[in-house]
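**Q** This is a predicted model, with the sequence first.
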Amino acid sequence: MKRKVTKAIFPVAGLGTRFLPATKSIPKEIMTLVDRPLIQYAIDEARAAGIKEFIFVTSRGKGALEDYFDHAPILESALRKKKKHDLLNTLKSTNMDSGEIAYIRQHRALGLGHAVWCARRLISNEPFAVILPDDVIAAERPCLQQMTEAYAETGGCMVAAMEVPADAASSYGVLDVKEDMGSMVSVKGMVEKPAAGTAPSNLAVIGRYILTPDVLRNLNRIKAGTGGEIQLTDAIAQEIESGRGVYGYRFRGQRFDCGSKAGFLQATVAFGLARPELREEFARYLQAMASLPHAAQ
């Protein structure tokens with residue numbers, strides 16, 4: 001019998017150096033996409049997928065991230081007195097009840113695999129999800145929800161996958177496909193950041209995973225790999241070698257790499273245009289900006 005996925009790990013220990021100087025004082029995950037921080041998009045996606053326990057792997061300087069999910073009695077009281085009920089409801093959606101959320105410190109930056117391993121005692125012997133908040137996915141049905149529904153049929157380990165240009169494959173973990181079944185592929189191998197021209201496919205792993213506790217046991221034995229880090233893909237690849245099922249899931253939606261400045265700006269435009277109250281004014285502005293080079297000619 002396959003167990004439901006009710007726990008999720010959020011690796012948020014990174015320093016966010018690509019966004020300096022902003023990240024000198026605020027965690028990257030608190031940076032705002034339209035009017036919600038990146039981490040809120042990840043939490044909302046997890047809740048839609050049935051996640052009940054949220055595990056954050058953090059580091060020094062992430063106090064603002066912890067405060068964000070705390071209750072704000074003074075602010076809530078002020079909004080209540082002013083009868084700003086819509087804002088009050090928005091604020092309440094950011095709160096986490098006691099026991100719902102846990103924080104684990106990653107004391108050394110040893111990679112994604114190590115970050116996930118840091119949360120092993122809170123996972124115990126259950127399947128779990130991993131969500132990378134840098135990857136924001138716009139979708140009719142949230143990506144992790146799509147995956148948990150597929151996982152109910154397959155079990156094993158599952159990674160979100162998307163097709164990338166051949167010259168971009170070396171920036172990702174890439175799947176070696178055993179059988180292509182449409183939205184799902186069975187996997188016979190995984191390569192982390194393959195050298196140019198050596199990628200086994202154009203299906204890249206992005207920041208959504210459903211994993212078995214066996215992956216944590218694999219991480220216990222893994223030594224540093226690509227880039228001197230403990231790679232999560234190496235631990236998942238060991239599941240393939242052990243004969244246990246590993247699947248890639250072609251999610252339906254658009255992924256934005258909000259760990260890069262260009263990706264963050266692209267997401268801002270896409271999510272801004274998706275908001276009914278912003279769309280018309282914002283679209284007019286973008287059209288005006290787009291016409292400026294032509295006017296200069």
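**A** Nice, thanks for sending it over. Residues are numbered from 1 along each chain as shown.

**Q** what's the average pLDDT for the longest helix belonging to the chain?
**A** Of all the segments of type helix in the chain, defined by DSSP state H, the longest one is helix 276-296. For helix 276-296, mean pLDDT is 82.

**Q** And it, what does it pack against?
**A** The contact analysis (3 or more C-beta pairs under 8 Å, 6 or more residues apart in numbering; DSSP states H and E) places helix 276-296 against helix 261-273. Using the backbone N, CA and C atoms, a C-beta is placed for each residue, glycine as well.

**Q** chain center to the helix it packs on: distance?
**A** Helix 261-273 sits 16 Å away from the centroid of its parent chain (C-alpha atoms, centre = their mean, to the nearest Å).

**Q** cool, stretch 265-274 as well?
**A** The answer for stretch 265-274 is 18 Å, by C-alpha atoms, centre = their mean.

**Q** Please write out the alpha-carbon positions of that stretch in PDB.
**A** Taking C-alpha atoms only, stretch 265-274 is exported to PDB below (Å, rounded to 0.1, in the frame of the first residue of the first chain):
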ATOM      1  CA  LEU A 265      12.000  39.500 -14.100                       C
ATOM      2  CA  GLN A 266      10.300  37.100 -16.600                       C
ATOM      3  CA  ALA A 267       8.200  35.700 -13.700                       C
ATOM      4  CA  THR A 268       7.200  39.200 -12.600                       C
ATOM      5  CA  VAL A 269       5.900  40.000 -16.000                       C
ATOM      6  CA  ALA A 270       4.000  36.700 -16.400                       C
ATOM      7  CA  PHE A 271       2.400  36.800 -12.900                       C
ATOM      8  CA  GLY A 272       1.700  40.500 -13.200                       C
ATOM      9  CA  LEU A 273      -0.200  40.000 -16.500                       C
ATOM     10  CA  ALA A 274      -2.100  37.100 -14.900                       C
END
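
**Q** which residues touch the longest helix of the chain?
**A** If you take C-beta atoms under 8 Å, 6 or more residues apart in numbering as the criterion, helix 276-296 is touched by Val34, Val269, Gly272, Leu273.

**Q** can you give me the strands for the stretch 151-297 of the chain?
**A** For the stretch 151-297 of the chain, the strands defined by DSSP state E, counting those that start in this stretch occupy 157-163, 173-180, 184-192, 203-211, 246-250, 254-257.

**Q** Please state the mean pLDDT value computed over stretch 151-166.
**A** 90.

**Q** Could I get the buried residue list for it?
**A** Going by neighbour count (16 or more other C-beta atoms under 10 Å), the buried part of stretch 151-166 is Tyr151, Thr154, Gly155, Gly156, Cys157, Met158, Val159, Ala160, Ala161, Met162, Val164.

**Q** Out of the residues you listed, which comes closest to Ser25?
**A** Ala160 (31.6 Å; C-beta to C-beta).

**Q** In the beta-sheet assignment, what are the partners of that closest one?
**A** Tyr249 (DSSP bridges).

**Q** Fine, thanks again, bye for now.
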